[in-house]
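In: Need coordinates for the below:
(2 chains)
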2 protein chains.
Amino acid sequence: MSAEIICVGTELLLGDILNSNTQYLGRQLADLGIPHYFQTVVGDNPDRIKQVLKIAGERSQILLFTGGLGPTPDDLTTETIANFFETPLEERSELIADIEEKFAKRGRKMSPSNRKQALMPVGAQIIPNPMGSAAGMIWQPRPNLTIMTFPGVPSEMHRMWEETAVPFLKQQGWGDNVILSRTLRFWGIGESNLAEKVSGYLEMENPTVAPYASKGEVRLRISARGKSQESAIALINPIHQQIQEIAQLDYFGADEDTLASVVGKLLLEAKQTVAVAESCTGGGLGARLTSVSGSSGYFLGGIVAYSNEIKQKLLGVKAESLNQEGAVSGTVAQQMALGVKKQLHSDWGLSITGIAGPGGGTAEKPVGLVYLGIATPDQETDQVELRLGEQRLRDTIRHVSECHALDQLRRKLLLTNVSE
Amino acid sequence: MSAEIICVGTELLLGDILNSNTQYLGRQLADLGIPHYFQTVVGDNPDRIKQVLKIAGERSQILLFTGGLGPTPDDLTTETIANFFETPLEERSELIADIEEKFAKRGRKMSPSNRKQALMPVGAQIIPNPMGSAAGMIWQPRPNLTIMTFPGVPSEMHRMWEETAVPFLKQQGWGDNVILSRTLRFWGIGESNLAEKVSGYLEMENPTVAPYASKGEVRLRISARGKSQESAIALINPIHQQIQEIAQLDYFGADEDTLASVVGKLLLEAKQTVAVAESCTGGGLGARLTSVSGSSGYFLGGIVAYSNEIKQKLLGVKAESLNQEGAVSGTVAQQMALGVKKQLHSDWGLSITGIAGPGGGTAEKPVGLVYLGIATPDQETDQVELRLGEQRLRDTIRHVSECHALDQLRRKLLLTNVSE
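Out: Numbers count the residues shown, from 1 in each chain, chains lettered A, B, ... in the order given. Predicted structure coming up:
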């Protein structure tokens, strides 16, 4: 038994809107443990909707339609499905009453075009729409095939799914299995490198382990199928632990953890504070650290020193270093980190200076050259040189630099805590 | 002749990531005037990828694949396509060289699993990937069928599409009709409000005008179809101008313009500089301003004053104001703006202080209460109070606050320039 998602709407084909409904329903099906192998997007065209319906009906037993339930002439989903199964439509008086009431509440009269939204194929069960005028349906036009329709508006679809569709699926005994997933997160190791280290796990069947990478962060998703929440968790936990041991410091957290939230936890545990000095990231490192609620417990503030004057004046960077080694250098990065630590009286100072591009690169100092500085509670300083590649986008270079800076602090915090 | 998009990746089915590639490619095909009627998502499973390939190959002449070009065992797109058409794979030495060079630049060695990414079906043309190790291909396995493959990473896919795929398509004489679009951007007006003001335009057929809204920004997309670039532009330009006149200051730019880039242009024109003082946004305002290449021409830097001590010490905020009115107040916002302007010797000072939540709100000062401060070149200060809603997410409150701050500066710059 498997489900399939079919999104109807020419606006999706034209790219006018981003399709978030497949992501939502995909997650929901995974959580319910209902397999789902295909998603299709098709325009507001009856012949092509029928083509898709034919293909999907032959390979899946539950078809979830979104979109095309509105009052306008190009909203064709319900009538096309009914037509495909040669079933007449009937006006449902409870839907007419519901729509009229919703319009009345807003002080408006139902428009004639909305009558269409009360038409359902004979035999269909209604999925009430608590928010709008587009009701959906649950319909079994033939044995072993269940069709559900939802409007394309995400907020309406979500409530109808949760309030009516999920209880129906569970009542049928579908989605009894629980599939749970946990995402492990890594920084400082490439996808192929990590995949090789944990290659044995990638072959497993339950749980499964699959790698993904995005902008320097690598993730492993562990998914387990079980009869209960507990049995799925019992399958995931040991694999999580084993992989964490293999990856050591390259592993930084799971699920909702971010480099910033993990650094925050470590700082809170150590009862220490941090301040940042930024050049090419312009404030992005501070924004990351403060993306975590409660960050005022360890983040004091920062100095964005975009110009050299400000690097000197507010961070105490030496004119000599700027002249001889340049603003993008390990020496300046260290002075920035120490400078902000002193100015803001923090335990740690963290800095970034680099060339984010697309302009400003030279043969010696190309775009993507970034120096991180770190000043420790013992007044020591350290630096890291990154070469992120001349071809990478300004945004990516800045983002990855911020991640590396957070990661450096994370590693230092972990090693300091261990050695104590 | 029509194209079809096929996205490969179990992570898409599971809802782990939002599929933005279909939106991008959908828009691109529309702009090129290449019809496109179906999009399919399928998991990392050779049999099901072949099923999809069979169906798509029978109804479309151009198949655009994204995803599944990585180095890990579940990246199966290239070999499955080759296998479907019973064509052997061959290792391409130019790809090996390219991957090795990319690894070397980052000071790393190519891992053995990356060799796989150099395998292409015999006869395929390579789509170079200027950013990563996953090259794509253009392949005509039989007459009247062209297959293109791209990695799933959006930034890589976009460049490969623009630099190699589009020129190829145009060379084939496909996409002869030109559809051009321009997105007009607005801040400070709601979607329904703007839609009412320009309602006449929303009924047009060529060009069409359609509204969208996202996190406070409202957009209108003007799309025109013409025989040439010039004729499409000639249809768009007058509508653009008319709508701009209707929206006045609420219109801030088009296409790639952002509030930050527009503010940057205005500052450059006025030969003025800005510095920022941030509390709840933690550096995000500076990060926005410096997301624009060349921002060193007008952005001097900033002070992130998360703690009250730093607000006093580095920004000269008065203890009395902090005690009596609190850190989240219009008075403190104005002092922050003036303080950073003085410290950094900039023409303008811009500040944000607020409660981003989810914690920290009170009945009097709820989550979402934000004050913006602005200090002008004439040493005057002004403030704006925002009430962004207690229900909104921390990220959204911070993002929208930054936009409002940039928008305030934009309006002041425009009014100043006009009055001169």
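
In: Residue A:98 touches residue A:128, doesn't it?
Out: Yes - between residue A:98 and residue A:128 there is a contact under Cβ atoms under 8 Å: 7.3 Å. For every residue, glycine as well, the C-beta is placed using N, CA and C.

In: So between the two, which is more surrounded?
Out: The neighbour comparison of residue A:98 against residue A:128 (other Cβ atoms under 10 Å in any protein chain shown) goes to residue A:98, with 19 against 14.

In: Who are the contact partners of the more buried one?
Out: A:128, A:133, A:135 (Cβ atoms under 8 Å, 6 or more residues apart in numbering or on different chains).

In: Hmm, which of the residues you listed is lowest in pLDDT?
Out: Among those, residue A:133 carries the weakest pLDDT, at 88.

In: Contacts only, for it.
Out: Contacts of residue A:133 by Cβ under 8 Å, 6+ apart are A:71, A:98, A:99, A:102, A:103, A:114, A:117.

In: Could you list the low-pLDDT ranges of chain A?
Out: By pLDDT under 70, the low-scoring segments of chain A are A:106, A:417-420.

In: tell me the domain boundaries of it?
Out: A:3-171, A:178-254, A:259-419 (automatic domain parsing).

In: Overlap in contacts, residue A:98 and residue A:128.
Out: Joint contacts of residue A:98 and residue A:128 (Cβ under 8 Å, 6+ apart) are residue A:135.

In: number of nearby residues for residue A:111?
Out: 11.

In: now it: how far from residue A:99?
Out: To residue A:99, residue A:111 is 10 Å away according to Cβ to Cβ, to the nearest Å.

In: Now list whatever residues contact both of these two.
Out: Common contacts of residue A:111 and residue A:99 (Cβ under 8 Å, 6+ apart): none found.

In: Stretch A:165-177 and chain B in contact?
Out: No - on the criterion Cβ under 8 Å from any Cβ of the partner chain, stretch A:165-177 is out of touch with chain B, staying 14.6 Å away.

In: my bad, stretch A:63-83
Out: No - judged by Cβ under 8 Å from any Cβ, stretch A:63-83 and chain B are separated, with a smallest distance of 12.7 Å.

In: Go through that stretch and flag the buried ones.
Out: By neighbour count on 16 or more other Cβ atoms under 10 Å in any protein chain shown, the buried set for stretch A:63-83 is A:63-71, A:75-83.

In: quick one: terminal-to-terminal distance for it?
Out: Start and end residues of stretch A:63-83 are separated by 16 Å (Cα to Cα, to the nearest Å).

In: before we move on, what about stretch A:132-141?
Out: First-to-last residue span, stretch A:132-141, Cα to Cα: 26 Å.

In: repeat for stretch A:105-116
Out: For stretch A:105-116, the first-to-last residue distance is 20 Å (Cα to Cα).

In: And the contacts of it?
Out: Under the criterion Cβ under 8 Å, 6+ apart, residues A:71, A:72, A:75, A:91, A:96, A:99, A:100, A:103, A:133 lie in contact with stretch A:105-116.

In: how much space between the last one and residue A:35?
Out: Spelled out, it's residue A:133. Counting by Cβ to Cβ, the gap from residue A:133 to residue A:35 is 33 Å.

In: Then the third one?
Out: Look at residue A:75 and residue A:35: by Cβ to Cβ, they are 30 Å apart.

In: Quick one: the helices in the stretch 101-250 of chain A, in order.
Out: Ranges of helices in the stretch 101-250 of chain A, per DSSP state H, counting those that start in this stretch, are A:154-160, A:166-171, A:191-197, A:199-202, A:229-247.

In: Using PDB, list the CA coordinates for the shortest one.
Out: Provided in PDB are the C-alpha atoms of helix A:199-202 (Å, rounded to 0.1, in the frame of the first residue of the first chain):
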ATOM      1  CA  SER A 199      29.800   3.200   4.600                       C
ATOM      2  CA  GLY A 200      28.600   0.100   6.500                       C
ATOM      3  CA  TYR A 201      25.600   2.000   7.900                       C
ATOM      4  CA  LEU A 202      24.500   3.300   4.500                       C
END
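
In: how far is that helix from where the chain is centred?
Out: Put simply, helix A:199-202 sits 24 Å off its chain's centre (Cα atoms, centre = their mean, to the nearest Å).

In: for it, packing partners?
Out: Applying 3 or more Cβ pairs under 8 Å, 6 or more residues apart in numbering or on different chains; DSSP states H and E, one finds that helix A:199-202 contacts strand A:208-214, helix A:229-247.

In: of the ones you listed, which approaches chain B most closely?
Out: strand A:208-214 (5.4 Å; Cβ to the nearest Cβ).

In: Is that closest one in proximity to chain B?
Out: Yes - counting by Cβ under 8 Å from any Cβ, contacts between strand A:208-214 and chain B involve A:210, A:211, A:212, A:213, A:214.

In: still on that earlier bit, strands - which of the buried residues of stretch A:63-83 land there?
Out: Among the buried residues of stretch A:63-83, the ones falling in strands (DSSP state E) are A:63, A:64, A:65, A:66.

In: Of those residues, which is the nearest to residue B:264?
Out: residue A:66 (40.2 Å; Cβ to Cβ).

In: Get me the contact residues on the stretch 1-150 of chain A for chain B.
Out: Counting by Cβ under 8 Å from any Cβ, the residues of the stretch 1-150 of chain A near chain B are A:12-20, A:22-28, A:30, A:36-43, A:45, A:48, A:51-52, A:55, A:59.

In: Surely residue A:414 is in contact with residue A:263?
Out: No - counting by Cβ under 8 Å, residue A:263 is not a contact partner of residue A:414; they are 10.1 Å apart.

In: Which one's more surrounded, the two?
Out: With neighbours defined as other Cβ under 10 Å, residue A:414 and residue A:263 compare such that residue A:263 has more, 28 against 15.

In: can you pull the contacts of the more buried one?
Out: A:274, A:289, A:406, A:409, A:410, A:413.

In: Using a markdown table, lay out the helices of the stretch 101-250 of chain A together with mean neighbour count.
Out: Formatted as a markdown table, those follow (neighbours: other Cβ atoms under 10 Å in any protein chain shown):
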| stretch | mean neighbour count |
| --- | --- |
| helix A:154-160 | 19 |
| helix A:166-171 | 14 |
| helix A:191-197 | 21 |
| helix A:199-202 | 14 |
| helix A:229-247 | 15 |
